[in-house]
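Visitor: Here's a sequence, model it:
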Amino acid sequence: MNNQRKLVLFIAQSLDGFIATKDDSLDWLFKVEGEGDNGYTEFIETIDTILIGKRTYDWIMKHEKGQFPYKDKSCFVFSRTRNDDTDHVKFINEDIVTFTNNLKKEDGKNIWIVGGGDLLHTFLKEDLVDELILTIAPKIIGEGIPLFKESNYHLDLYLKGTRTFNQFVELHYIVGK
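Guide: Purely as a prediction, here's the structure:
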C-alpha cells in the first residue's frame with residue numbers, strides 16, 4: 001500500500017477560508033505578491049493525473065478561452081450529466097469512490113484534485129484525500145466560495161511542512177488514516 005498513488009489537494013485560499021468570491025472571481029488572489037510561481041511548477045511535476053469537478057472545468061475553459069491548460073496530464077472531469085469526451089478530458093459519470101480507488105491503484109505519479117466545492121467535499125467525506133497543500137493568501141474577503149463545506153466528518157491532519165513565497169504561506173498536511 002506504500003506505493004499507492006496519493007490524492008493531493010493543491011490550492012490557494014484566503015486567510016478566512018475562501019477559494020473564490022461568490023461570483024467565482026480570483027482577482028483578490030492575483031493582487032498578492034508571491035514568489036515565482038509559488039511552488040506550482042515543483043508540484044505539477046509530482047502528478048500525472050488531474051481530477052476536476054464540472055463547475056471548475058467550465059471555469060477553467062472560460063478563463064483560458066477554450067484552451068485546456070493540462071494537455072500533458074490524464075484529466076478526468078466528474079459530472080452528474082453525460083458529456084462527450086474531448087481530446088484532453090474524459091468525463092466521468094460513475095461512482096467517485098470506486099473510480100478514485102481504482103485510479104490510485106494504477107501505476108503513476110500522484111493525482112491532483114483541482115478546485116474545491118462539491119467534489120472535494122465528497123473526497124474528504126469518503127476518506128480519499130491523502131495530502132493537503134494549502135497556500136494561504138494574506139487576504140480576508142469576507143464571503144465567497146469556502147474551501148471546506150460544513151459537514152459531519154472529521155479529519156486528523158499532520159503537518160508535513162511549511163514554506164513561504166513572499167506574502168503566501170504554504171501549509172502541507174498529511175491526512176491521518
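Visitor: Tell me where the protein has strands.
Guide: 7-14, 18-20, 47-53, 74-78, 90-92, 110-114, 131-137, 145-146, 157-165, 168-175 (DSSP state E).
Visitor: which one of those lies closest to G36?
Guide: Nearest to G36 among the strands of the chain is strand 157-165; the distance by Cβ to Cβ comes to 7.0 Å. C-beta coordinates here come from the backbone N, C-alpha and C atoms, glycine included.
Visitor: The closest one vs strand 131-137, what angle?
Guide: 40 degrees (axes from the mean of the first three to the mean of the last three Cα atoms, to 10 degrees).
Visitor: pull the CA atoms of strand 157-165 into PDB?
Guide: The C-alpha trace of strand 157-165 is given here as PDB (Å, rounded to 0.1, in the frame of the first residue of the first chain):
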ATOM      1  CA  LEU A 157      -4.100  16.300   9.800                       C
ATOM      2  CA  TYR A 158      -0.400  16.000  10.400                       C
ATOM      3  CA  LEU A 159       1.800  19.000   9.400                       C
ATOM      4  CA  LYS A 160       4.500  17.800   7.000                       C
ATOM      5  CA  GLY A 161       6.000  21.200   6.400                       C
ATOM      6  CA  THR A 162       5.600  25.000   5.800                       C
ATOM      7  CA  ARG A 163       7.100  27.300   3.200                       C
ATOM      8  CA  THR A 164       6.700  30.900   2.400                       C
ATOM      9  CA  PHE A 165       6.500  32.500  -1.100                       C
END
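Visitor: by how many degrees do that strand and strand 168-175 diverge?
Guide: 160 degrees.
Visitor: What are the contacting residues of strand 157-165?
Guide: Under the contact criterion Cβ atoms under 8 Å, 6 or more residues apart in numbering, strand 157-165 has outside partners 34-36, 38-39, 131-132, 135, 169-176.
Visitor: sorry, back to before: quick one: the strands of the chain as JSON lines, columns for distance to K65, mean neighbour count and mean pLDDT too.
Guide: Formatted as JSON lines, these follow (distance: least, Cβ to Cβ, whole Å; neighbours: other Cβ atoms under 10 Å; pLDDT from 0 to 100):
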{"stretch": "strand 7-14", "distance to K65": "22", "mean neighbour count": "21", "mean pLDDT": "96"}
{"stretch": "strand 18-20", "distance to K65": "19", "mean neighbour count": "23", "mean pLDDT": "93"}
{"stretch": "strand 47-53", "distance to K65": "17", "mean neighbour count": "21", "mean pLDDT": "95"}
{"stretch": "strand 74-78", "distance to K65": "18", "mean neighbour count": "21", "mean pLDDT": "95"}
{"stretch": "strand 90-92", "distance to K65": "21", "mean neighbour count": "16", "mean pLDDT": "94"}
{"stretch": "strand 110-114", "distance to K65": "18", "mean neighbour count": "22", "mean pLDDT": "95"}
{"stretch": "strand 131-137", "distance to K65": "25", "mean neighbour count": "20", "mean pLDDT": "97"}
{"stretch": "strand 145-146", "distance to K65": "22", "mean neighbour count": "18", "mean pLDDT": "92"}
{"stretch": "strand 157-165", "distance to K65": "27", "mean neighbour count": "12", "mean pLDDT": "97"}
{"stretch": "strand 168-175", "distance to K65": "26", "mean neighbour count": "17", "mean pLDDT": "97"}
